[in-house]
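# Fold the following for me, if possible:
(2 chains)
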Amino acid sequence: MEVLVQPASTEEIKPPVTSVGVIGWIRANLFNSPFNSILTLLIFLFLCKIVPPFIKWAFVDCLWNSSGQQCKAVDGACWSVVTRNLRFILFGFYPWDEQWRPVVSIAILFGLFYYSRNRRHWNRKLVYIWGAGVVVMGVLMRGGILGLSDVEPTEWSGICLTLLLSLFGLTAAYPLGVLLALGRRSKMPAIKSLCVVYIELIRGVPLISMLFMSSVMFPLFLPEGITVNKILRAQAAIIMFTAAYIAEVVRGGLQGIARGQYEAAESLGLDYYLKMRLIILPQALKIVIPPSVGILISAFKDTSLVVIIGLFDLLKTTQVTLANPEWMGFSTEAFIFIGLLYFGGCFSMSNFSRDLERQLES
Amino acid sequence: MSEGQTVLAKRAESQSIPFWHDPSKRAIVYQAVALGVVLTLGYYLFAITQANLQRQHIATGFGFIGREAGFEIGESMISFSATNTYARALLVGILNTLEVAVIGIILTIILGTIVGVARLSSNWLLSRLAAGYIEVLQNIPVLLQLFFWYSVFHDSLPLPRQSLNPLAGVFLNNRGFYFPVPVPHPAYARMGIALVIACVACTFLCRWSRRRQEKTGQTFPVWSVTTGMVVALPVIAWVVSGGPTALDSPHLIGFNFEGGMLVTPEFAALLLGLVLYTSAFVAEVVRAGIQAISHGQTEAAMSVGLKPSHVLTLIILPQALRVIIPPLTSQMLNLTKNSSLAVAIGYPDLVSVANTTINQTGQAIEGVAIIMVAYLFFSLVTSAFMNWYNKRKALVER
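I've put the predicted structure just below:
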């Protein structure tokens, strides 16, 4: 039998102090070469110049709840422009006393998003839950039944309009985009060229030209006596625009499916519709979930463009607040606030998409 | 072929399959239906629009572009006044859009590359800073960023009388940034010609040196010689023409500055907003491109004995560019398309001028058509150029 020979002393030799712990980390990550050392010092100096004055401006010399006149007297940030006008910035012209309704709706929306984050919840039940959620939110916002007072959709403004335009834009554009992608990969020349022309035309022009089209051209397309409200027209333009981008993303997914899958489906005798519905699209759409979240992020950001055609989204309500003589000149604070709102939304979505990509890869 | 088989074949032919079971015939029907639907829809839209236009007494056609515009444009590269035609106004708009787009694209590529490389730096602080830059700027709508910069330039800078004066001759105030420019002199035209000559000469020199290296293996210090030529020739032209140094500096007259070059707050906000926003995306593209090249390539190049600068220029960059160019193209197109947001902060770009035209003439369809055609043209030209460049850089396979 083997005998384990113990060395006389088992004392461990520790790594030198300079290569472990905080000092080691600093040496390895900040001062690992002369060039990096100089760079670190320069950045440090730069941060010292920028950060303390900013903190002083934003958190020390600031006013959180005061009138515009009081704000003009101090050097710091005037966060009062946000706190005093918060309800108008967020909900715009939604009746003042009823503003708990959009709050509850948005809470439901966040709840739905939070529930959908988990991939184990991705099944048929989720579709029903979302359907029910959308109905509840719609009833809450619109009112007219259950003792809730009637609120016209034209009064939905601020963050409600931003969320409405982006979420409905993506949801309605998705089926259209899938059809366009299938059309573009079709072997029928007429259908293929129609889809290619549509997709490339839309992708070649800026969204703002589509919105102009919706605000000044759509009314000319409608027969006499029929008018469609401006929000719906803008929504239609956003859907048409987003569909072209979704089509390209879905096309990428379709191209990513191995040829064998198509051939296997055909050899089973499935026709085009069944082949796509049962074999190809379920796989292709799964691959394109992360880039689709990317499109949702751009749609969320792009809805801010409706300001230009005069719709009261989050950006417009902020501008209206800033046009008030009392709050004129505090645009930096207000823009930082809604910048944070947009950042929070987009950043959490892009993190989700990145996590999902990692999960789907493994 | 035996008689029996012929009979069978004939019978199969005569028992013609119904056309809805024949994929090729079915395809024709589908396409006819699709085209029919699109054409009918188009026809109805056209008819309704015609009726609406007649009812509202709106003129049609592009006749209006020859008429007098009747509005002033804040800044333009060519001379423009209210008595000029709409056509010239639209041309001013197109030139302004191109100005922002071209300058913006150049600055974006430079800044994006720097940030993308910084993101991969081994310096933790720098890489975190670059990551923060990318995340913050990517996730805030570009329109909000434009509003922010415009409000900074327009509201936060002092009045002309209290202008900031960071460098001699440079003034910053809420009317814009004023820079001194050289007084016009024939020397500058000659310098331009000298620069063009230098560039042409450099192109030939590069070709010659590459051919010589392929033949004989001898290298030629192309880099230093070309740099020298590009710098030296214009300097020689300047000295020969008498070396004018007179500067046209901005100076305060009454309530405003005269002379020098003015960069308006609108232009500055638009350019800064677009460059910062797009550079965050370009940085991600550059980072992905560099990371796509496996480390083995660097090690292999080193072990062949190439020096670090050659490793980068001969091995890493050519491969990384292949990954980078297609997404970079789409970012350049995005910047050009986003420049249309100028209308929101009052910079007279194409969309802004076309919008004024629509409001004045009421000819919405023509106005929107002009915007769309112009942007489609920009997009097609840019992607054609980038496709050509991409083909040159693409992997040449058998």
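
# For the helix or strand hosting A:Leu194, buried residues please.
Following DSSP states H and E, one finds A:Leu194 within helix A:189-204. Applying a neighbour-count criterion of 16 or more other Cβ atoms under 10 Å in any protein chain shown, one finds A:190-191, A:194-195, A:198-200, A:202-204 buried in helix A:189-204. Bear in mind the C-beta positions are built from the backbone N, C-alpha and C, glycine included.

# Repeat that for stretch B:291-306.
Of the residues in stretch B:291-306, those buried (16+ other Cβ under 10 Å) are B:293, B:298, B:301, B:306.

# and if you look at stretch A:271-290?
Neighbour-count burial for stretch A:271-290 [16+ other Cβ under 10 Å]: A:275-276, A:279-281, A:284-285, A:287-290.

# Quickly check: that stretch near chain B or not.
No - Stretch A:271-290 stays clear of chain B (Cβ under 8 Å from any Cβ of the partner chain), getting no nearer than 8.8 Å.

# can you list the residues that contact that stretch?
Outside stretch A:271-290, the residues that touch it by Cβ atoms under 8 Å, 6 or more residues apart in numbering or on different chains are A:178, A:182, A:249-250, A:252-254, A:256-257, A:261-262, A:264-266, A:270, A:353-354, A:356-357, A:360.

# I'd like to know which of the buried residues of stretch A:271-290 are part of helices.
Among these, the members falling in helices (DSSP state H) are A:281, A:284-285, A:287, A:289-290.

# Reformat those as TSV; add pLDDT.
Below are these laid out as TSV (pLDDT from 0 to 100):
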residue	pLDDT
A:Leu281	87
A:Ala284	86
A:Leu285	84
A:Ile287	82
A:Ile289	82
A:Pro290	82
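
# Low-confidence ranges, the chain, go.
I went with chain A, as the question did not name one. A:1-10, A:147, A:362 (pLDDT under 70).

# try again with chain B
B:1-16, B:254-255, B:394-398.

# and the stretch 101-250 of chain A, which residues reach chain B?
Checking the stretch 101-250 of chain A against chain B by Cβ under 8 Å from any Cβ, the hits are A:187-191, A:194, A:201, A:203-209, A:212-213, A:216-217, A:219-224.

# burial measure for B:Phe80, as a count.
Other residues near B:Phe80 come to 21 when the count uses other Cβ atoms under 10 Å in any protein chain shown.

# follow-up on the earlier one: closest one of the buried residues of stretch B:291-306 to chain A?
Using Cβ to the nearest Cβ, B:Thr298 comes nearest to chain A of the buried residues of stretch B:291-306, at 16.9 Å.

# Identify the residues contacting that closest one.
Neighbours of B:Thr298 in contact, by Cβ under 8 Å, 6+ apart: B:311, B:315-316.

# That one: which element?
Using DSSP H and E, B:Thr298 falls in helix B:295-304.

# Skip ahead from that helix and say which helix or strand is next.
helix B:308-310.

# Show me which positions of the very next helix or strand once past that next one end up buried.
Next in sequence after helix B:308-310, counting helices and strands by DSSP H and E, comes helix B:317-338. Neighbour-count burial for helix B:317-338 flags B:317, B:319-320, B:322-325, B:327-338 (criterion: 16+ other Cβ under 10 Å).

# separation between A:Pro219 and B:Leu53?
Distance of A:Pro219 to B:Leu53, computed by Cβ to Cβ, to the nearest Å: 11 Å.

# returning to that earlier point: the next helix or strand after the helix holding A:Leu194 - contacts with which helices or strands?
Downstream of helix A:189-204, the first helix or strand assigned by DSSP H and E is helix A:207-212. Counting contacts by 3 or more Cβ pairs under 8 Å, 6 or more residues apart in numbering or on different chains; DSSP states H and E, helix A:207-212 packs against helix A:230-255, helix B:350-361, helix B:364-393.

# Give me the residues contacting helix A:207-212.
Against helix A:207-212 from outside (Cβ under 8 Å, 6+ apart): A:202, A:234, A:237-238, A:240-241, A:302, A:305-306, A:308-309, B:337, B:340-341, B:343, B:351, B:355, B:358, B:364, B:367-368, B:371-372, B:375.

# For chain A, tell me whether stretch B:139-159 is touching it.
Yes - Stretch B:139-159 reaches chain A (Cβ under 8 Å from any Cβ) through B:139-144, B:147-148, B:151-152, B:155-156.

# Next: stretch B:109-129.
Yes - using Cβ under 8 Å from any Cβ, stretch B:109-129 reaches chain A at B:121-126, B:129.

# ok, back up a step: drop anything exposed from the contacts of helix A:207-212.
Buried among the contacts of helix A:207-212 (16+ other Cβ under 10 Å): A:202, A:234, A:237-238, A:240-241, A:302, A:305-306, A:308-309, B:337, B:340-341, B:343, B:351, B:355, B:358, B:364, B:367-368, B:371-372, B:375.

# For the residue in the stretch 151-300 of chain B that chain A sits nearest to, list the residues it contacts.
The nearest approach of the stretch 151-300 of chain B to chain A comes at B:Ser151, 3.9 Å away (Cβ to the nearest Cβ). Shown in contact with B:Ser151 (Cβ under 8 Å, 6+ apart): A:331-332, A:335.

# Secondary structure and neighbour count added to those, as CSV?
Putting those into CSV (DSSP: H, G, I helix; E, B strand; the rest coil; neighbours: other Cβ atoms under 10 Å in any protein chain shown) gives the following:
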residue, secondary structure, neighbour count
A:Ser331, helix, 22
A:Thr332, helix, 17
A:Phe335, helix, 23
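
# Pick out whichever of those sits closest to A:Trp100.
Distance to A:Trp100, by Cβ to Cβ, is smallest for A:Phe335 among the contacts of B:Ser151, at 27.1 Å.

# Okay, buried residues for the helix or strand harbouring B:Ala189 please.
For B:Ala189, the host element (DSSP H and E) is helix B:186-216. Neighbour counts over helix B:186-216 (16+ other Cβ under 10 Å) mark B:187-188, B:190-191, B:194-195, B:198, B:202, B:209 as buried.

# can I assume A:Gln69 is in contact with A:Trp327?
No - the pair A:Gln69 / A:Trp327 is not scored as a contact, 10.6 Å apart, by Cβ atoms under 8 Å.

# before we move on, the earlier item: by contact count, what packs against the helix holding B:Ala189?
Using 3+ Cβ pairs under 8 Å, 6+ apart, helix B:186-216 is in contact with helix B:222-240.

# Show me what secondary structure element comes after the helix it packs on.
strand B:247-248.
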